[in-house]
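*Asks:* structural data only, the sequence is not supplied:
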Ligand SMILES: NC(=O)c1ccc[n+]([C@@H]2O[C@H](COP(=O)([O-])OP(=O)(O)OC[C@H]3O[C@@H](n4cnc5c(N)ncnc54)[C@H](OP(=O)(O)O)[C@@H]3O)[C@@H](O)[C@H]2O)c1
């Protein structure tokens, strides 16, 4: 396959609102040792892309400055030391950055085959949420069958994945969301109870059930003390973002008295080796869920690559349910 020297992409022209995302032409990246070059068909849009665009989430050293953490497409070139993939293979992959472009490089171990029965468009929306939910809900949070699991932001890309994965693992799933329509979507995906947080108190709902064994939270702020109250004895809280802020007063005596665990993580700065391990776990444990239809990306909308600014505006308007994708 002969490769062009330059490609279409979308760059962050300066930190700011969605309209700072601008189409541009940049050199096609070259895969280094252990890396593959992917010709991107579709790129997933994620909330961390909006944080990066706003100047609040810098790419890790060595990563492309272009936004875009996941994509699906065709392997266009392989670097030295890559055994698993060959040119022409269809893959979806977690990217260190650079997904809003015609081509991107990523470590070969961060790519996965397209699950049987899925197209490239849907597969592009799997990596970021599946890596995040698997590593935080299963590995860090230790979710077990029969446990009560609460996810906030149930209609988000992360939330729709978490509901389905937890239900497939045999957990009892509770979700919060900001409208009746979003709550209905959460129930359709397998939540036994969806809580419209504008009308109902999630703490009361969970306490009536005996408390949550595990909470996955992206809201933070005043949700922190409320999450602590909603946890059952020995419950775990896993924090993956702080949409409402990182600082709050919290009575840690409750953590001690009920033997709670508060933890959290962010995916992007973790080592390539850690992400390789998550990818192999996903292939073994989660791709079979996708193939049998127990976990499907919930597709909200598609925008052409050049309209990435409109895609971000839709995401930040928060009327979406599930994933937004860019067609390259
Ligand atoms: N730690 C990690 O490694 C990692 C990786 C990926 C994503 N994340 C984080 O996970 C979260 C979800 O990501 P995503 O890509 O799935 O985003 P998304 O689809 O845009 O979801 C965000 C959702 O959160 C809900 N929400 C609740 N309180 C909110 C508030 N104060 N401001 C804005 N939204 C609020 C919104 O729905 P309602 O109508 O219900 O409010 C919205 O749909 C983001 O915060 C992201 O940064 C973390």
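*Replies:* Thanks, I have the structure now. Fair warning: this is a prediction, and the values are worked out from it, not measured in the lab.
*Asks:* when you work out contacts or count neighbours from here on, use the C-alpha atoms and nothing else.
*Replies:* Fine.
*Asks:* remind me what the helix or strand containing residue 181 packs against, helices and strands.
*Replies:* According to DSSP states H and E, residue 181 maps onto helix 180-189. Judged by 3 or more C-alpha pairs under 8 Å, 6 or more residues apart in numbering; DSSP states H and E, helix 180-189 is in contact with helix 157-168, strand 172-177, strand 193-196.
*Asks:* as CSV, these with mean pLDDT, mean neighbour count and distance to residue 312 would be great.
*Replies:* As requested, those are arranged in CSV below (pLDDT from 0 to 100; neighbours: other C-alpha atoms under 10 Å; distance: least, C-alpha to C-alpha, whole Å):
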stretch, mean pLDDT, mean neighbour count, distance to residue 312
helix 157-168, 98, 26, 13
strand 172-177, 98, 26, 20
strand 193-196, 98, 22, 24
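*Asks:* now the ones you listed as TSV including distance to the ligand?
*Replies:* Formatted as TSV, these follow (distance: least, C-alpha to the nearest ligand atom, whole Å):
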stretch	distance to the ligand
helix 157-168	3
strand 172-177	3
strand 193-196	8
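*Asks:* end-to-end on stretch 167-182?
*Replies:* Using C-alpha to C-alpha, to the nearest Å, the end-to-end distance of stretch 167-182 comes to 18 Å.
*Asks:* re earlier: tell me which residues in the helix holding residue 181 are buried?
*Replies:* For helix 180-189, the neighbour count (16 or more other C-alpha atoms under 10 Å) marks 182-187, 189 as buried.
*Asks:* now, among those, which is nearest to the ligand?
*Replies:* Comparing the buried residues of helix 180-189 against the ligand with C-alpha to the nearest ligand atom places residue 182 closest, at 7.0 Å.
*Asks:* state the distance from the closest one to residue 191.
*Replies:* To residue 191, residue 182 is 12 Å away according to C-alpha to C-alpha.
*Asks:* go on, residue 110?
*Replies:* 30 Å.
*Asks:* what does residue 211 give?
*Replies:* Distance of residue 211 to residue 191, computed by C-alpha to C-alpha: 16 Å.
*Asks:* out of these two, which sits in the more crowded spot?
*Replies:* residue 191 (28 against 24; other C-alpha atoms under 10 Å).
*Asks:* who in the stretch 101-250 of the chain is up against the ligand?
*Replies:* 132, 153, 155-158, 177-178, 218-219, 240-241, 243-244 (C-alpha under 6 Å from any ligand atom).
*Asks:* repeat that with 5 Å
*Replies:* 153, 156-158, 177-178, 240-241, 243-244 (C-alpha under 5 Å from any ligand atom).
*Asks:* buried among those residues? Need that as a selection in PyMOL.
*Replies:* Of these, the buried ones can be selected in PyMOL as follows, counting by 16+ other C-alpha under 10 Å:
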select buried, resi 153+156+157+158+177+178+240+241
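*Asks:* grab the nearest non-local neighbour of residue 244.
*Replies:* Leaving aside its chain neighbours, residue 244 sits nearest to residue 221 (4.7 Å; criterion: C-alpha to C-alpha, 6 or more residues apart in numbering).
*Asks:* pLDDT value on that neighbour, please?
*Replies:* Per-residue pLDDT puts residue 221 at 97.
*Asks:* so it makes contact with residue 241?
*Replies:* No - with contact defined as C-alpha atoms under 8 Å, residue 221 does not reach residue 241; the gap is 10.1 Å.
*Asks:* OK, contacts around residue 160?
*Replies:* Contacts here follow C-alpha atoms under 8 Å, 6 or more residues apart in numbering; on that basis residue 160 touches 154, 186, 189, 297-298, 322.
*Asks:* remind me which residues of the stretch 1-150 of the chain are low pLDDT?
*Replies:* Low-confidence segments of the stretch 1-150 of the chain (pLDDT under 70): 1.
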